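**Q** Just need the structure, nothing else, for what follows:
(3 chains)
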Amino acid sequence: MPHLTVEYSANLAPFPERKALGELNEALCASPEVQTEADLKTRFVCQSSFAVGTESGPRGFVHAQLRLLAGRTPEAKQDLAERVATVLRRRTPKPEGMLVQLSVEIVDMDRPSYIKERL
Amino acid sequence: MPHLTVEYSANLAPFPERKALGELNEALCASPEVQTEADLKTRFVCQSSFAVGTESGPRGFVHAQLRLLAGRTPEAKQDLAERVATVLRRRTPKPEGMLVQLSVEIVDMDRPSYIKERL
Amino acid sequence: MPHLTVEYSANLAPFPERKALGELNEALCASPEVQTEADLKTRFVCQSSFAVGTESGPRGFVHAQLRLLAGRTPEAKQDLAERVATVLRRRTPKPEGMLVQLSVEIVDMDRPSYIKERL
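**A** Numbers count the residues shown, from 1 in each chain, chains lettered A, B, ... in the order given. Model prediction:
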């Protein structure tokens, strides 16, 4: 059930999405919180229209959002966020002279109303 | 005020978005929870950079997120999720040999800070 | 840390994204809630596959979602939403005869699991 979405600003392209997708899914599926590997869906989204702050100068960002059914402990959430950050720290391009920010957010999904099935 | 976003993996294209948009909005607006039909905004997003799990083999997904102002009962949320799922079960392509997963998530939006108006 | 995403329906194009990005970031960074201007990341997303309600006739929307670490007061959230709305009211195209809806949503992000760093 986990849904991971990684956005990055277009000035970080080319982003090694294919490699990062594989490594993110390996890192998260190795967590005891992810019981069925096929449940994890990860996507990359390149944002071409963006602004970071108000001052000038080259700035980029990569932001990951991981959505899981509610009920994880704070420690489990921190571990999952760190797994994502570890991959993105390594794979995110760092263009010379650009301020590049990384962020990872964990979101609880409402459990009683969640629907999941195979078609 | 409801916002519905349906994402699908690009390996499910062509997705009958036009038909699904009409049917989703009809199904949701028929709910007593949606009081003004024009309030419902639905969008489809095709995700071209994605990975499902860690094992190989063709896999696809369709994921719907419905965002509503907080305050609905659990039963109302389950009913809304089921309305979305009913349409997507019927309309989502199921390519031969592909594992296709469907999920529907309901999200409460913060009511006091929400702004809505006609321009 | 604030993340702002503004979606608009493609029938509002051309949307003055560049001007709106600058004004949104100026308006939000002027708030006491945003302590470091470089923390604010704003993106525009044009949605080309959408439907508003069930009745016919030209309809468009612009929807902004601002995600902040949890802990703001209700008043602070309302102020932030109003800052976003003020810019979008001014900058959103209003094609003749089209019903155009504006909405702004504030989302609390889980603080203990949030990761933020410069690469």
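
**Q** is stretch A:8-28 anywhere near chain B?
**A** Yes - judged by Cβ under 8 Å from any Cβ of the partner chain, stretch A:8-28 and chain B are in contact via A:17, A:21-22, A:24-26. C-betas here are computed from N, CA, C, even on glycine.

**Q** Narrow the residues you listed to those that are buried.
**A** A:17, A:21, A:24-26 (16 or more other Cβ atoms under 10 Å in any protein chain shown).

**Q** which one of the residues of stretch A:8-28 next to chain B sits closest to C:H63?
**A** Of all these, C:H63 sits closest to A:E17, with 26.5 Å by Cβ to Cβ.

**Q** Surely that closest one touches B:A51?
**A** No - checked against Cβ atoms under 8 Å, the pair A:E17 and B:A51 is beyond contact range at 9.2 Å.

**Q** Now name the helix or strand holding the residue most central in space within chain A.
**A** Per Cα atoms, centre = their mean, the C-alpha nearest to the average position across chain A is that of A:A64, at 2.8 Å. A:A64 belongs to strand A:59-69 when elements are defined using DSSP states H and E.

**Q** Relative to that strand, what are the paired strands and their orientations?
**A** Applying DSSP bridges, strand A:59-69 is found paired with strand A:3-9 (antiparallel), strand A:99-109 (parallel).

**Q** Give me the contact list for the first one.
**A** It refers to strand A:3-9. Identification of contacts with strand A:3-9 by Cβ atoms under 8 Å, 6 or more residues apart in numbering or on different chains yields A:15, A:20, A:24, A:28, A:40-47, A:50, A:52, A:59-67, A:84, A:88, A:92, B:63, B:103, B:105, C:41, C:43.

**Q** what's the following helix or strand after that strand?
**A** Where DSSP H and E defines the elements, the next helix or strand beyond strand A:3-9 is helix A:17-29.

**Q** Do that next one and chain C come into contact?
**A** No - shown here: helix A:17-29 not in contact with chain C (Cβ under 8 Å from any Cβ), separated by at least 13.6 Å.

**Q** contact partners of that helix?
**A** The contact list for helix A:17-29 (Cβ under 8 Å, 6+ apart) reads A:2, A:4, A:6, A:34, A:37, A:40, A:42, A:44, A:66, A:80, A:83-84, A:86-88, A:90-91, B:49-51, B:53-54.

**Q** List buried members of the residues you listed by neighbour count.
**A** A:2, A:4, A:6, A:34, A:40, A:42, A:44, A:66, A:80, A:83-84, A:87-88, A:91, B:49-51, B:53-54.

**Q** quick one: which of the contacts of helix A:17-29 sit in strands?
**A** A:4, A:6, A:42, A:44, A:66, B:50-51 (DSSP state E).

**Q** SS state for A:P95?
**A** coil (DSSP: H, G, I helix; E, B strand; the rest coil).

**Q** what's the burial count for it?
**A** Burial of A:P95 is recorded as 12 neighbouring residues (other Cβ atoms under 10 Å in any protein chain shown).

**Q** Also A:K19?
**A** Using other Cβ under 10 Å, A:K19 has 12 other residues around it.

**Q** Relative to chain C, how far out is it?
**A** A:K19 sits 17 Å away from chain C, taking Cβ to the nearest Cβ, to the nearest Å as the criterion.

**Q** With A:E96 instead?
**A** 13 Å.

**Q** How many residues are close by that residue?
**A** The number of residues near A:E96, taken as other Cβ under 10 Å, comes to 5.

**Q** Could you list the low-pLDDT ranges of chain A?
**A** Within chain A, not a single segment meets pLDDT under 70.

**Q** rerun that using 90 as the cut-off
**A** A:1, A:56 (pLDDT under 90).

**Q** most tightly surrounded among the strands paired with strand A:59-69?
**A** strand A:3-9 (a mean of 23; mean count of other Cβ atoms under 10 Å in any protein chain shown).

**Q** now the angle between helix A:17-29 and that strand, please.
**A** Between strand A:3-9 and helix A:17-29, the angle comes out at 140 degrees (axes from the mean of the first three to the mean of the last three Cα atoms, to 10 degrees).

**Q** who touches the biggest helix by length in chain A?
**A** Longest helix in chain A by number of residues (criterion: DSSP state H): helix A:74-91. Outside helix A:74-91, the residues that touch it by Cβ under 8 Å, 6+ apart are A:4, A:6, A:15-16, A:19-20, A:23-24, A:27-28, A:30-31, A:33, A:62, A:64, A:66, A:68, A:72, A:102, A:104-106, C:110, C:112-115, C:117, C:119.

**Q** roughly how far out does it sit from the chain middle?
**A** 9 Å (Cα atoms, centre = their mean, to the nearest Å).

**Q** and A:R91, how far is that from A:P14?
**A** For A:R91, the distance to A:P14 (Cβ to Cβ, to the nearest Å) stands at 11 Å.

**Q** same deal with A:H63?
**A** 18 Å.

**Q** which of the two has more neighbours?
**A** Per other Cβ under 10 Å, whichever of A:H63 and A:P14 has more neighbours is A:H63, with 24 against 7.

**Q** The more buried one reaches A:V52, doesn't it?
**A** No - counting by Cβ under 8 Å, A:H63 does not reach A:V52; the two are 10.9 Å apart.

**Q** Need the overlap of contacts for those two.
**A** Joint contacts of A:H63 and A:V52 (Cβ under 8 Å, 6+ apart) are C:K41.

**Q** In contact with A:D39: list those residues for me.
**A** A:1-2, A:116, B:53, B:101.

**Q** switch the cut-off to 10 Å
**A** A:1-3, A:29, A:116, B:52-53, B:61, B:101, B:103 (Cβ atoms under 10 Å, 6 or more residues apart in numbering or on different chains).
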